[in-house]
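Student: Prediction below, plus the sequence it came from.
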Amino acid sequence: MFSPSPSRRSILSGGLVLCGVVVGSGAMAQTRRNITVYKTPWCGCCGLWVGHLRQAGWTARVIDVEDLAPVRARHGVPDRLASCHTGVVGRYAIEGHVPAADIDRLIREAPAGRALVVPGMPAGSPGMESAGREPYVSLLLLADGRTRVYGRHNGG
């Protein structure tokens, strides 16, 4: 019967650990690229935003609801920052026409906060491209309700 030498055993063990790290991190990245989107059934720009996310590699589960206010309230997004749809990624709410690149950055950096928001429906934001183009910002909503600029878009 063959018995690997200690050095070969170490190499084999290290290889298995390395494979576990690679597989594990791939599974983690896959999980992080899933979003649940709550939207009203009659809103076309919300569907376009979901298309933007899917083009960027996100898997979006869409749930149509008649009223988004309870969804926003459950995730701590105040009415003053509301838009036409709310996404949920892990512990974060994603309110409005937030670019996929900002969501990727949010997941990568994991800042303290509860939501990433683009209030209203700015022209030129993902899903609102046909409305023209205006400068806008994405905001990180902090736990205390304050916001800070997270991303600037279209010269915003």
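Tutor: Good, I have the coordinates.
Student: any weak-confidence spans in this protein?
Tutor: Scanning the chain with the threshold set as pLDDT under 70 gives 1-32.
Student: Over to Leu48: give its phi and psi.
Tutor: Note on Leu48: its backbone torsions stand at phi -70, psi -40 [degrees, to the nearest 10].
Student: what do you get for the one 4 residues further on?
Tutor: Its backbone dihedrals place His52 at phi -60, psi -40, with angles given as degrees, to the nearest 10.
Student: What distance do you get for it to Val98?
Tutor: Distance, His52 to Val98, by C-beta to C-beta, to the nearest Å: 10 Å. Every residue, glycine included, has its C-beta placed from N, CA and C.
Student: Spit out the contact partners of the most centrally placed residue in the chain.
Tutor: The centre of the chain sits closest to Ile103, judged by C-alpha atoms, centre = their mean, with a distance of 3.9 Å. Listed by C-beta atoms under 8 Å, 6 or more residues apart in numbering, the contact partners of Ile103 are 35, 53, 58, 87, 89, 94, 116.
Student: This structure: strands as residue ranges?
Tutor: Under the criterion DSSP state E, the chain carries strands at the ranges 34-39, 59-64, 85-89, 92-96, 115-118, 136-141, 147-153.
Student: closest one to Pro78 among these?
Tutor: strand 136-141 (8.1 Å; C-beta to C-beta).
Student: Residues touching the closest one, excluding its own?
Tutor: By C-beta under 8 Å, 6+ apart, the surrounding residues in contact with strand 136-141 are 76-77, 81, 93, 95, 98-99, 102, 106, 111, 113-119, 122, 124-125, 147-154, 156.
Student: Only the buried subset of those, as a ChimeraX command please.
Tutor: Here is the ChimeraX selection string for the buried members of those, based on 16 or more other C-beta atoms under 10 Å:
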select :77,81,93,95,98,99,102,106,113,114,115,116,117,118,119,122,124,125,147,150,151,153
